[in-house]
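have a look at this fold, sequence not included:
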């Protein structure tokens, strides 16, 4: 391959095959082309879009399955409230088990191939939906979907965190939420207006598209360096940075040193508890994920159409749900822009405080509807309350816990940490979704006021426990966790 003769003459990933450099090209003359990083991050996040279609699936499908008219249902009878709760929540069971498979696999076969393999679960699940004639087949489908979701949400933050530079890691780490809510909106916008079977076809093509695009992206240079594949790691880094071999030399040296140090002390789950810095990182990441789920987001996502129907605002529930989906996508699009400007901590504080207001207002509406009876003066309240809630969730507690997870742990413990945190997320996600109907039966306001209370607690957790990582390198974050502030 000819030497690179100009800083604009950067080869594609498939063309990078040697370390030749041009005459006299200095490293500081080669700016990092962050567009390459975002290209790879977006390609990886197409799998998060598929995750969104799985999470939003129950909102348009639930009313079809519960309808007395079974002409647009694969079943020959309406499902019960208990069956509906299981269909909504079983995805979380698969997702909480999968990380303990996905984490070790990510270290064995690579981040890229684990993400690609997640499509097998998604395709199988949507095929099961097509042939379902009994409720148990839908249960199985949701479990299989959960495995795919667990694979993506364990490994995608690892991949994106490792391919990104310090100055864009917050932005790229926030992309997952944007793509998840875009996938949810896909269901919201299509599901109510097409048949049950048509929606399955609309969903099954997405993992195939995702794999086709992501297949051409490079593997994480950290993973490749850890496997002793220095040539491949260099090629990957050249593609991601848009630089020559000389331009990425210093960063490659640093990655190699970090990986060698990590390999010399391979971490286990016990190291998360025994090591003080890992323990602090686990407290921060685990706490953020817990409060993310305790904010009631899965209840809102899985039951949006039903919530609006029970609120009886006069607005078509399907249209109201699409409005919420559009708000989620718009708000999530802001996060990559502001995450590295305002910082993670500020956005999380705003998110927690404003979510509590939106949830308290929604609870007040349902209280007036059930207890007071006259809601004519507040019939408008549910839509703006949920819009407010979704805006701040999608700019704070939605994306940022995953972004922080991707940057908080050293390489030797990252897969174990990701597995534990992702499983914690989905354990709580299952409990909240499965037992929401029980609270709802007492009165919807109980559930929403409880979620509001957890958001208030989350505010103080962020204020006193969470550290700011804006602009810090992965090594500087480890230094801070170890009490070094230089």
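On my side now, so go ahead. Keep in mind that this is a model prediction, so the values were computed, not measured.

and the helices in the stretch 101-250 of the chain?
111-131, 135-163, 169-173, 175-190, 196-214, 221-226, 230-241, 249-264 (DSSP state H, counting those that start in this stretch).

look up phi and psi at the residue lying closest to residue 68 once chain neighbours are set aside.
In space, residue 68 comes closest to residue 78 once its chain neighbours are excluded; the distance is 5.6 Å by C-beta to C-beta, 6 or more residues apart in numbering. (Glycine included, C-beta is placed from N, CA and C.) Reported as degrees, to the nearest 10, the phi and psi values for residue 78 are phi -70, psi 150.

what sits against residue 78?
Applying C-beta atoms under 8 Å, 6 or more residues apart in numbering, we find residue 78 in contact with 65-68, 70.

how about residue 385?
Counting by C-beta under 8 Å, 6+ apart, residue 385 has contacts 358-359, 361-362, 365.

now with 7 Å?
358, 361-362, 365 (C-beta atoms under 7 Å, 6 or more residues apart in numbering).

check residue 200 too.
So, once contact is read as C-beta under 7 Å, 6+ apart, residue 200 ends up touching 126, 129-130.

related to what we said a few turns ago, and the residue nearest to residue 68, how far from residue 407?
Residue 78 is 47 Å from residue 407, where distance means C-beta to C-beta, to the nearest Å.

try residue 345
Counting by C-beta to C-beta, the gap from residue 345 to residue 407 is 14 Å.

equivalent analysis for residue 329, please.
From residue 329 over to residue 407 (counting by C-beta to C-beta), the distance is 24 Å.

which one of these two has more residues nearby?
More crowded of residue 329 and residue 407, by other C-beta atoms under 10 Å: residue 407, with 25 against 22.

quick one: distance of the helix or strand hosting the more buried one to the chain centre.
Per DSSP states H and E, residue 407 falls inside helix 400-408. A distance of 10 Å separates the centroid of the chain from that of helix 400-408, by C-alpha atoms, centre = their mean, to the nearest Å.

begin at 46, not 1, for the rest of this chat.
Taking 46 as the first residue, the last one we looked at is helix 445-453.

so which other helices or strands are in contact with that helix?
Under the contact criterion of 3 or more C-beta pairs under 7 Å, 6 or more residues apart in numbering; DSSP states H and E, helix 445-453 touches helix 180-208, helix 214-218, helix 321-339, helix 389-412, helix 519-526.

mind doing that once more with 6 Å?
helix 180-208, helix 214-218, helix 321-339 (3 or more C-beta pairs under 6 Å, 6 or more residues apart in numbering; DSSP states H and E).

and that helix with helix 519-526, angle?
100 degrees (axes from the mean of the first three to the mean of the last three C-alpha atoms, to 10 degrees).

can you tell me the average pLDDT over helix 445-453?
For helix 445-453, mean pLDDT rounds to 83.

ok, and the closest non-adjacent residue to residue 470?
Residue 470's closest residue in space is residue 334 (C-beta to C-beta, 6+ apart), at 4.5 Å.

where's that neighbour relative to residue 446, distance?
On the measure of C-beta to C-beta, residue 334 and residue 446 end up 5 Å apart.

and stretch 275-288, which residues are buried?
By 16 or more other C-beta atoms under 10 Å, the buried positions in stretch 275-288 come out as 275, 277-288.

got the contact list for that stretch?
55, 58, 61, 75, 77-78, 81-82, 208, 263-264, 266, 269-270, 293, 297 (C-beta atoms under 6 Å, 6 or more residues apart in numbering).

now do it: distance to the chain's middle.
With C-alpha atoms, centre = their mean, you get 26 Å for stretch 275-288.

again with stretch 479-498
With C-alpha atoms, centre = their mean, you get 24 Å for stretch 479-498.

who's in contact with that stretch?
Outside stretch 479-498, the residues touching it (C-beta under 6 Å, 6+ apart) are 126, 130, 134, 340-341, 344, 401, 404-405, 407-408, 411-412, 415.

state the mean pLDDT of stretch 113-122.
90.

my bad, should have said stretch 376-390
So the average pLDDT for stretch 376-390 ends up being 78.

give the buried residues for stretch 154-170.
In stretch 154-170, counting by 16+ other C-beta under 10 Å, buried: 155-157, 159-164, 166-170.

tell me the helix or strand right after the worst-scoring helix or strand of the chain on mean pLDDT.
Least confident helix or strand, the chain: helix 342-356 with a mean of 67, by mean pLDDT, DSSP states H and E. Moving toward the C-terminus from helix 342-356, the next helix or strand (DSSP H and E) is helix 362-387.

ok so, going back, now, which of the contacts of stretch 479-498 sits nearest residue 142?
Residue 142 lies nearest to residue 134 out of the contacts of stretch 479-498, by C-beta to C-beta, at 13.9 Å.

pLDDT score assigned to the closest one?
84.

wait, it touches residue 476, no?
No - using C-beta atoms under 6 Å as the test, residue 134 is too far from residue 476 to be in contact (8.3 Å).

okay, those two: which has more neighbours?
residue 134 (24 against 14).

how far away is residue 415 from residue 136?
29 Å.

which one's more surrounded, those two?
residue 136 (31 against 13).

chain neighbours aside, what residue packs nearest to the more buried one?
Per C-beta to C-beta, 6+ apart, closest to residue 136 is residue 191, 4.2 Å.

distance check, the one you found against residue 397.
Taken as C-beta to C-beta, the span from residue 191 to residue 397 is 27 Å.
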